[in-house]
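In: sequence first, then the predicted structure:
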Amino acid sequence: MVAESRPIAVVAVTRVGSRLAARIAAALPEAEACVPARFAAEAGPTTTAYEGPVAALVRERFGCCRALVLVMAVGAAVRLIAPCLRDKRTDPAVVVVDDGGRFAIALLSGHLGGANALAERVAAITGAQPVVTTAAEVLDVPAADLIGRAFGWRIENPEQLTRLAAALVNGEPVGVLQEAGEPDWHDDPLPAHVRRYPDLAALCAAAPAAAIIITDRLLPATVLQPGWVVYRPRTLVLGIGCSRGVSADEIAVLVDETLAAHGLSPLSVRAVATLDRKAAEPGLVAFVRARRLELQTFPAAVLDATPGMERPSAVVKAAVGTRGVCEPAALRAAGAARLLVPKQKGRAATVAVARISA
């Protein structure tokens, strides 16, 4: 058994299944075919041979791989993975393929783990019929836990996902309020029981059983009802200027205070933008890494020529060659014409906020 596994383990238990596993893994660059040692030679030189019970192998790969393709009967697969199950948010995708390659069944983590998509990929390789049983796909309604995922949206209150998902699949009234973010998160038309609302007041007045709220604004806790899920699109850019030696904590405090004071969610921040000569400033780099944000930099001449600055400074111009750093950096990186938040000053840093153009 190899010391380090690949992201997808394709596991077989029979001679025929071993050949099929090798074929599937060969078509998936990120996959590893794991076959019984006695069938490894005929399955091919690129396979990984295992000795002993397959249960031990599945248990190991379940804990370190993002997906498993089990070439065996569904019942056998269920018994093998049952002791390993922990949480739908962290369990890997599991797809089951019969030895004849006739069906590719998304068995576990269809949405969050990506088993539905993996079943489609495996089916395309083997000529199998993909089998997807999650209700959202069967009923052609939005999958609550996948809304905006392709765009990097974050879910603020995931504990409400189950209520929203139930309302979507059961045909109960579901409201949609979108104030920011990519508009094509679902193909129109939406199902008849899913209705868009123009603003928060209209949504609250309608009081649907569940709601999809897509916004980068902070919402009063009293507004949210059971089944109302808040999705945070990555729409905000922080323009940051800073002095040499500024700490990551100083930047974090200024950013968090600024966002809170202006009613904006930190979960919607996508990037930080600044002057190119600040790209290696340790405190700024540490802040960006800690928040897992993109860092974009611009030359002074580009920043100085950016329209839309609200608080230019002759002092800054004399020091770094541009009338501003945080404001024009935010505008440039966001592709925006105006700021959401003009320059806010801390002891050793400044911050401005712009919204990415849709």
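Out: Great, that's in hand. This structure is a prediction, so every number in the text was calculated from the model and none was measured. Residues are numbered from 1 along each chain as shown.
In: name the helix or strand of the chain that has the lowest mean pLDDT.
Out: Least confident helix or strand of the chain, by mean pLDDT, DSSP states H and E, is helix 135-139 with a mean of 85.
In: got the buried residues for stretch 117-129?
Out: 117, 118, 119, 121, 122, 123, 125, 126, 128 (16 or more other Cβ atoms under 10 Å). The C-beta positions use only the backbone N, C-alpha and C, and glycine is treated the same way.
In: contacts only, for residue 145.
Out: By Cβ atoms under 8 Å, 6 or more residues apart in numbering, the contact set of residue 145 is 111, 112, 155, 158, 161, 165.
In: and the residue most central in space within the chain, what does it touch?
Out: For the chain, residue 152 is the residue whose C-alpha lies nearest the centre (Cα atoms, centre = their mean; 4.1 Å). Neighbouring residues of residue 152 by Cβ under 8 Å, 6+ apart: 234, 270.
In: now do the buried residues in stretch 347-354.
Out: Buried residues in stretch 347-354, defined by neighbour count with 16+ other Cβ under 10 Å: 348, 349, 350, 351, 352, 353, 354.
In: I meant to write stretch 164-178 there.
Out: Using 16+ other Cβ under 10 Å as the test for burial, stretch 164-178 gives 164, 165, 167, 168, 169, 172, 174, 175, 176, 177, 178.
In: just the pLDDT at the fifth one, thanks.
Out: The pLDDT attached to residue 169 in the predicted structure is 95.
In: ok but it is inside a strand, no?
Out: No - counting by DSSP: H, G, I helix; E, B strand; the rest coil, residue 169 is not part of a strand but helix.
In: which residue sits closest to it, ignoring its sequence neighbours?
Out: Spatially, and ignoring its direct neighbours in sequence, residue 169 is nearest to residue 135 (4.2 Å; Cβ to Cβ, 6 or more residues apart in numbering).
In: right, and the one you found touches residue 166 too?
Out: No - contact criterion Cβ atoms under 8 Å: residue 135 and residue 166 do not qualify, at 9.1 Å.
In: before we move on, the earlier item: closest one to residue 319 out of the buried residues of stretch 117-129, please.
Out: Residue 319 lies nearest to residue 117 out of these, by Cβ to Cβ, at 51.1 Å.
In: low pLDDT regions in this protein?
Out: Applying pLDDT under 70 to the chain picks out residues 1-6, 358.
In: what segments of it are helices?
Out: 15-27, 40-43, 54-64, 74-81, 115-126, 135-139, 161-170, 200-206, 248-261, 282-291, 300-304, 314-320, 326-334 (DSSP state H).
In: make JSON lines out of these and add distance to residue 104.
Out: Listed next are the helices of the chain as JSON lines, based on distance: least, Cβ to Cβ, whole Å:
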{"stretch": "helix 15-27", "distance to residue 104": "9"}
{"stretch": "helix 40-43", "distance to residue 104": "19"}
{"stretch": "helix 54-64", "distance to residue 104": "18"}
{"stretch": "helix 74-81", "distance to residue 104": "11"}
{"stretch": "helix 115-126", "distance to residue 104": "4"}
{"stretch": "helix 135-139", "distance to residue 104": "14"}
{"stretch": "helix 161-170", "distance to residue 104": "23"}
{"stretch": "helix 200-206", "distance to residue 104": "40"}
{"stretch": "helix 248-261", "distance to residue 104": "45"}
{"stretch": "helix 282-291", "distance to residue 104": "38"}
{"stretch": "helix 300-304", "distance to residue 104": "50"}
{"stretch": "helix 314-320", "distance to residue 104": "58"}
{"stretch": "helix 326-334", "distance to residue 104": "42"}
